[in-house]
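Asks: Pasting the sequence and the predicted model now:
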Amino acid sequence: MPVGVDEAVGRIAGFVGRHPELAAAAVVSVLAVGSVGYALKQFTRPMGKQFVDAVSEREELAVLTHPNPDPDAMAAAMGVARLADELGVDATIQFAGQVRHQENRAFRNLLDVDLVQIEAASELAAEAVVLVDHNEPRGFTGAEAVIPFAVVDHHPGDGSGETFTDVRTEYGACSTIVAKYFRDLDAVPVPPERHESELGVTYPIPSQVATGLLFGILTDTNHLTSGVADADFDASRYLYPGVNESLLERIANPQVSADVLETKARAIENRTVEGPFAISDVGSLSNVDAVPQAADELIKLEGVTAAVVYGEREGTIHLSGRSHDDRIHMGRTLQAAVSDVPNATAGGHARMGGGQIDPADEESAVAADRRSALVSRLFEALEGDI
């Protein structure tokens, strides 16, 4: 026999009165199921949408690259700043150090990247800091006290964001992650000959940003030939309709200074080769960005599968390594080589790595001896002996 509404309510009230503990448990269960369902829904949402949700709660952002930003770092920052702009959030791209490499300078100038240099944490443009292409703040006074709001990176490390963290070490470039955010939002790359207003889409990707992101991917994967993942190819195809090929070619082929060419020549002339490994001390440097470029040249020598180049500027030794050898993880190799050296830091990926040894309280002659001693340490690390 059907039960009326009033009678049903009366029965429920009676049950609650007789068994309050069971009723409370039922309420808790319902709430728990609801909370789990909400959490699962949030967890399964695309990372691009999660990132936009996090950013939309802020009024302003400081988008921070690693020191001396390269094209991948600058491009990722451009993409994040553009997403913030679409949400009405004021974003400022900031960096410590300098933009020195001729390719990096061309990237910044030709794509008109608005970068603000900082020397201390007090100069950060906003309380909410988004780290791109690195996961722990460094390179400026007070960096260790900065707690990032979000982290977007493809490098290994222990850093994380207070609200949002997306570290994909399997990707070849941070630009790939940011391109994926745009794709998660169904964003459309704008062809260089058209204006974004013509597309009538919610999230257009300006040609300037698409060109930067593609170049960021190309530089960090050696033109999609090294340390590359399927996601890097997919992102490149996705971005390509918006790429300005003329600007891309000009960024990729800037003029090279005489200092860089001379450092490359010294790297080849001063090389020491043991089996498939080559190491070269290029001596005093006027341009530290010549070191990684010299390493790029040294690895091209026939029979060489791993190469390390280092030199000294103002007492600091700068190292850069490249590897085509599956036995050699260059980032870990350089870390091992300087693990017992005071004031030294190093790291990187399997195919490329870098590091530096800051000056100690010593005479220049002692510093030169320290540089010379690096050769044996590096060979031992390449052989896996340390």
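Replies: Here it is on my side, so go on.
Asks: Could you pull up the mean pLDDT of stretch 213-224?
Replies: Per-residue pLDDT over stretch 213-224 has a mean of 95.
Asks: quick one: buried residues of it?
Replies: Going by neighbour count (16 or more other C-beta atoms under 10 Å), the buried part of stretch 213-224 is 213-222. Quick note: C-beta positions are derived from backbone N, CA and C, even for glycine.
Asks: How far away from the center of its chain is stretch 152-162?
Replies: In terms of C-alpha atoms, centre = their mean, to the nearest Å, the centre of stretch 152-162 is set 9 Å apart from its chain centre.
Asks: what does that stretch contact?
Replies: Stretch 152-162 is contacted from outside by 51, 76, 80, 130-137, 147-151, 166-174, 176-178, 220, 331, 347, 349, using C-beta atoms under 8 Å, 6 or more residues apart in numbering.
Asks: do stretch 261-277 as well
Replies: Stretch 261-277 is touched from outside by 278-283, 285, 287, 290-291, 293-295, 297-298, 301, 303-307, 309, 311, 325, 375, 379, 382-383, with contacts defined as C-beta under 8 Å, 6+ apart.
Asks: Now the buried members of these.
Replies: 278-282, 285, 287, 290-291, 293-295, 297-298, 304-307, 309, 311, 325, 375, 379, 382.
Asks: Could you name the helices and strands sitting against the helix or strand hosting G79?
Replies: Using DSSP states H and E, G79 sits in helix 71-86. Here helix 71-86 touches helix 47-56, strand 60-64, strand 90-95, helix 102-110, strand 129-132, helix 174-184, helix 207-220, going by 3 or more C-beta pairs under 8 Å, 6 or more residues apart in numbering; DSSP states H and E.
Asks: Worst mean pLDDT among these?
Replies: Mean pLDDT across these is lowest at helix 102-110; the value there is a mean of 94.
Asks: Could you tell me how far S122 is located from F140?
Replies: Distance, S122 to F140, by C-beta to C-beta, to the nearest Å: 10 Å.
Asks: quick one on the thing from earlier: what about the contacts of stretch 261-277, which are in helices?
Replies: Among the contacts of stretch 261-277, DSSP state H puts 290-291, 293-295, 297-298, 375, 379, 382-383 in helices.
Asks: which of the residues you listed lies closest to N253?
Replies: Minimum distance to N253 across those is 13.7 Å, recorded for Q293 (C-beta to C-beta).
Asks: how many neighbours does the closest residue in space to Y171 that isn't next to it in sequence have?
Replies: Spatial nearest neighbour of Y171, excluding adjacent residues (C-beta to C-beta, 6 or more residues apart in numbering): H154 at 4.5 Å. With neighbours defined by other C-beta atoms under 10 Å, the count for H154 comes to 28.
Asks: next one: N343
Replies: By other C-beta under 10 Å, the residues close to N343 number 12.
Asks: Do I have it right that it meets D358?
Replies: Yes - counting by C-beta atoms under 8 Å, D358 is a contact partner of N343 at 4.1 Å.
Asks: What about A344? Give its phi and psi, please.
Replies: phi -110, psi 140 (degrees, to the nearest 10).
Asks: Identify the bridge partners of it.
Replies: I357 (DSSP bridges).
Asks: one step back: closest to E245 among the buried residues of stretch 213-224?
Replies: L214 (10.0 Å).
Asks: Looks like the closest one contacts L248 (just checking).
Replies: Yes - L214 is within contact range of L248, at 7.1 Å (criterion: C-beta under 8 Å).
Asks: So what does V152 have for phi and psi?
Replies: Torsion angles at V152 (phi, psi; degrees, to the nearest 10) stand at phi -130, psi 110.
Asks: now swap in L285 and tell me
Replies: As for L285, its main-chain torsions (degrees, to the nearest 10) stand at phi -120, psi 140.
Asks: Give the full set of residues in contact with it.
Replies: If you count contacts by C-beta under 8 Å, 6+ apart, L285 has them with 263, 291, 311-313, 318.
Asks: The residues you listed: which two are farthest apart?
Replies: T263 and E312 (11.9 Å).
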